[in-house]
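Colleague: When you get a sec, could you give me coordinates for this:
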Amino acid sequence: IVPGETTISLGMEDPTYEASKPDKYWIKHRPAYQEGVLWLARTYIERGNYTGAERLMTQLERDPGTYEDVHRELAAVQAYYQIQKKQYQPAIYFLERAIKLEKDRLKKARYTYIIGQLHQMLGQEGEAYAAFEQVIDYKPAYQMDFSARLNLAHSAWANGRSTSEDIRKELDKMLKDEKNLEYRDRIYYALAQVDLKEKNKPGAIENLRLSLQHSSASGTQKAESYLLLGNLYFEDEDFVHAKLYFDSTLMVLATNDARYLPTKKLADNLTDIALNITVIDLQDSLLAISRLSEEEKKALAFELKKQRDEERRKALLSQTPANDSPVGKGARPGQALVAGNSGGPRAGSEPSNFFAYNDRALKRGIRDFQREWGDRPLEDNWRRSSELLTGDFGEEELEEEIIASTVITDEDIDEILKDVPQTEEDVADAEKKIMDALFNLGQLYRERLNNNRKAVESLEELLRRFPETQYQLDALYYLYLAHTDLGNTAEAQRIYNLLVENYPNTNIVRSLLDPEYVKNSLDRERRLNDYYDETFQAFQEGNYQVAKAKIDKSPELFGATNSLRARFALLNAMCIGNLQGKEAYIEELREVVAKYPETAEEVRAKEIMRLLGVVTATGPGGVVLAESPFQVQFDQPHYLIVVFPEGVNLNDAKAKVSDFNREFHQLDKLRISNIYLGESAEDRLPVIVIRKYDDKDAVMRYYDGVMKNRASFLPANTSFELYPISQDNYRQILKAKSIDGYPEFFDFNYK
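Modeller: The predicted structure is shown next:
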């Protein structure tokens, strides 16, 4: 029941209402006071103000002057009030009262249908059966009649009036009825419910998929099917499929549905789990293929190609246009418009200016078209790149498709097997991905799903497959926690002994051996933070010598590997800068960058050097690279340079880049030219120059697009480097006839 959908804002205080006296009103039309009170009660219910709603409904119920039709509506609102409070038995009472007062047959049917639903929710299938039978007797509209019959069949089976075979026959009969075509999703869902009662989970999953396959425009049933499928796969611990169906549920489930937030939380928790499972499955499959012989790989590639070609052939067949189409086979431009009179003006109508009704204009248009494009068949083909899928396919074309599926080239094999590991390094990389994913799953199952059994499975597989894994200590610790929570005391003790024996000096083992260790560690960390704060305070006050002395003493007090050593190092550089000047400052900052990569302190040190006018970067092993002649000019106009090795066909490359720009950046109005860098013909470097963008942000959008889609920019076998560059820095390259130093400058400042 939805008594009202209007939301009214009335402020914080509720007005006081007096009993109505309709016979004393002097105006001729009936006052709307009572209807207003009833609508206000509905509004209070929607807003959760149940006390206010109950007061207003009681007022109307006790008022002897309440109109008969308001009494009828009041009973329905009282039922809705009880439903909102999940008090279903009182709701049934008020609905039965509403039916007695109601004169409209369709409303009686609606209230009775809701009574049936409430009885089902209370597990009272016998009473539900009687209610749905009564709904049918009211002869409602077909949609409600269908729903009542569907629920009637379910209740008859649930309360033992019929067998599962009977309900299946009834539901199959409903499936075959053409009037029920748009309700097939609900029928298949009902069949799935029968399957679940019979413990036939595969059958239920199949019927739920059929429900989705025949889903109507309404998302309500779709949400139910998606959600139930997600729950079934989750029960089976098929977390990849569960994640997909929960995601689909959230796309169609109303956000105010009570199940929305729990479903969203579960879907979010499954995101990383599904991702890591997929990584393991994919890499295991690729490794298995890599161990095949060359002949076996070729045979596998051939089978995969056959499958793809067969799917493509079916797609071609399904999209072949019918020969009797008015714009189908053999039609010419204009024929569909001039053949017959159905498109022309009707007799007696005013002359139209529409071009298709003007025979001379049509013929002139046909001549112009043929002069430009030739006498070609008319095709409904707005995207030429997909013409192969929409053209006029005869037997010859389909025969060619069949022949093509029996041939495989070396290029086909390479393309199909391109992700299969080829070298020892590739194999090691695939195994590393599996190792990482297994460890991640061991943590995620425990932390996201509280599933210690699955955590144990993943971590034990990790240690079995990779006994020398870098995660051994953490994996054993998580195994110890999981077995402890599962009550596997003996196994937990065995792992505890392994940890103590093999990793006695680690924080993990120390925390296991000494319950006070964590507390003491926290105290030590607190003292370290206090000491740093005191040191930084001295620096801020300009006491650089005092601050530096405290920094020098910190390793002695807290250890050389304390958690704030990078902060102390950066603060030390800042003290030296103030005490010894710029050169010493820069040298210390470089040391911070070299010693503490991938830290916030490294980023800050680089930023300070940039502000000092020094552009540096570190190479492999922390080697400091030379100072750069290039300047940071993010707001200046930018070009892009595409740098090739010697020997590239520059004209072909320019053509490909032009195609890329035309497809993805047509509105940017880019211009292309080429130059050669180098002192002589022997060392010249071919370069394509793309002009231009307003600033760094704009040019980096182009750059990021190419990096994500390199194959569309230039062929896969083309070696190239792409660099956004400011106008002045481009001139610096031209002046030096070299890009030396710019790649490092770019990596440091743009990435």
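
Colleague: CA atoms of the strand or helix carrying Tyr44 as CSV?
Modeller: Element membership of Tyr44, judged by DSSP states H and E, is helix 33-47. Extracted in CSV, the C-alpha atoms of helix 33-47 (Å, rounded to 0.1, in the frame of the first residue of the first chain):
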residue,chain,number,x,y,z
TYR,A,33,-10.3,19.5,6.6
GLN,A,34,-10.5,15.7,7.3
GLU,A,35,-8.7,14.8,4.1
GLY,A,36,-6.0,17.2,5.1
VAL,A,37,-5.6,15.5,8.5
LEU,A,38,-5.4,12.1,6.8
TRP,A,39,-2.8,13.3,4.4
LEU,A,40,-0.8,14.8,7.3
ALA,A,41,-0.9,11.4,9.0
ARG,A,42,0.4,9.8,5.9
THR,A,43,3.2,12.4,5.7
TYR,A,44,4.1,11.7,9.3
ILE,A,45,4.3,8.0,8.6
GLU,A,46,6.7,8.6,5.7
ARG,A,47,8.9,10.8,7.9
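
Colleague: mean confidence score for that helix?
Modeller: The pLDDT scores in helix 33-47 average 93.

Colleague: measure Tyr544 to Ile551 for me?
Modeller: 10 Å (CB to CB, to the nearest Å). Quick note: C-beta positions are derived from backbone N, CA and C, even for glycine.

Colleague: any shared contact partners between the two?
Modeller: Cys575 (CB atoms under 8 Å, 6 or more residues apart in numbering).

Colleague: Between those two, which is the more surrounded one?
Modeller: Ranked by neighbour count (other CB atoms under 10 Å), Tyr544 and Ile551 place Ile551 first, with 23 against 17.

Colleague: Touching, that one and Leu571? I think so.
Modeller: Yes: assessed by CB atoms under 8 Å, Ile551 is found in contact with Leu571 at 6.2 Å.

Colleague: so what sits against both of the two?
Modeller: Both Ile551 and Leu571 are in contact with Thr535, where contact means CB under 8 Å, 6+ apart.

Colleague: Render the CA-only coordinates of stretch 705-721 in CSV, please.
Modeller: Written as CSV, here are the backbone C-alpha positions of stretch 705-721 (Å, rounded to 0.1, in the frame of the first residue of the first chain):
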residue,chain,number,x,y,z
GLY,A,705,45.7,8.7,-23.6
VAL,A,706,48.6,7.5,-25.8
MET,A,707,50.1,5.6,-22.8
LYS,A,708,46.8,3.8,-22.3
ASN,A,709,46.4,3.0,-26.0
ARG,A,710,49.9,2.8,-27.6
ALA,A,711,48.7,0.4,-30.3
SER,A,712,46.3,3.0,-31.7
PHE,A,713,49.0,5.7,-31.7
LEU,A,714,51.7,3.7,-33.6
PRO,A,715,52.0,0.0,-34.6
ALA,A,716,53.0,-2.4,-31.8
ASN,A,717,56.3,-3.1,-33.4
THR,A,718,57.3,0.6,-33.6
SER,A,719,59.8,1.7,-31.0
PHE,A,720,59.3,5.3,-29.9
GLU,A,721,59.3,7.7,-26.9
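
Colleague: Can you list phi and psi of Asp694 for me?
Modeller: When quoted as degrees, to the nearest 10, the phi and psi of Asp694 stand at phi -70, psi -30.

Colleague: burial count for it?
Modeller: Counted with other CB under 10 Å, residues neighbouring Asp694 total 11.

Colleague: Give me the pLDDT value at it.
Modeller: 91.

Colleague: Repeat that for Pro743.
Modeller: In this prediction, Pro743 carries a pLDDT score of 85.

Colleague: Return the list of helices and strands in contact with the helix or strand hosting it.
Modeller: Using DSSP H and E, Pro743 maps to helix 742-750. Using 3 or more CB pairs under 8 Å, 6 or more residues apart in numbering; DSSP states H and E, the elements in contact with helix 742-750 are helix 696-708, strand 721-726, helix 727-736.

Colleague: Now do that helix: distance to the chain's middle.
Modeller: In this view, helix 742-750 has its centroid 33 Å away from the chain centroid, taken as CA atoms, centre = their mean, to the nearest Å.

Colleague: With stretch 237-247 instead?
Modeller: 13 Å.

Colleague: which of the residues in that stretch are buried?
Modeller: Neighbour-count burial for stretch 237-247 flags Phe239, His241, Ala242, Lys243, Leu244, Tyr245, Phe246, Asp247 (criterion: 16 or more other CB atoms under 10 Å).

Colleague: Would you confirm that the first one contacts Ile273?
Modeller: Yes: applying CB under 8 Å, one finds Phe239 in contact with Ile273, separated by 5.1 Å.

Colleague: list the helices and strands the helix or strand following the helix holding Tyr44 packs on?
Modeller: Scanning forward in sequence from helix 33-47 by DSSP H and E, the next helix or strand is helix 50-62. Helices and strands touching helix 50-62, by 3+ CB pairs under 8 Å, 6+ apart, are helix 33-47, helix 68-84.

Colleague: Let me have those in a markdown table, adding mean neighbour count and distance to Ile672 as columns.
Modeller: Output for those, formatted as a markdown table (neighbours: other CB atoms under 10 Å; distance: least, CB to CB, whole Å):
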| stretch | mean neighbour count | distance to Ile672 |
| --- | --- | --- |
| helix 33-47 | 20 | 62 |
| helix 68-84 | 20 | 67 |
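
Colleague: Turn those into a markdown table, including distance to Lys454.
Modeller: Below are those laid out as a markdown table (distance: least, CB to CB, whole Å):
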| stretch | distance to Lys454 |
| --- | --- |
| helix 33-47 | 43 |
| helix 68-84 | 39 |
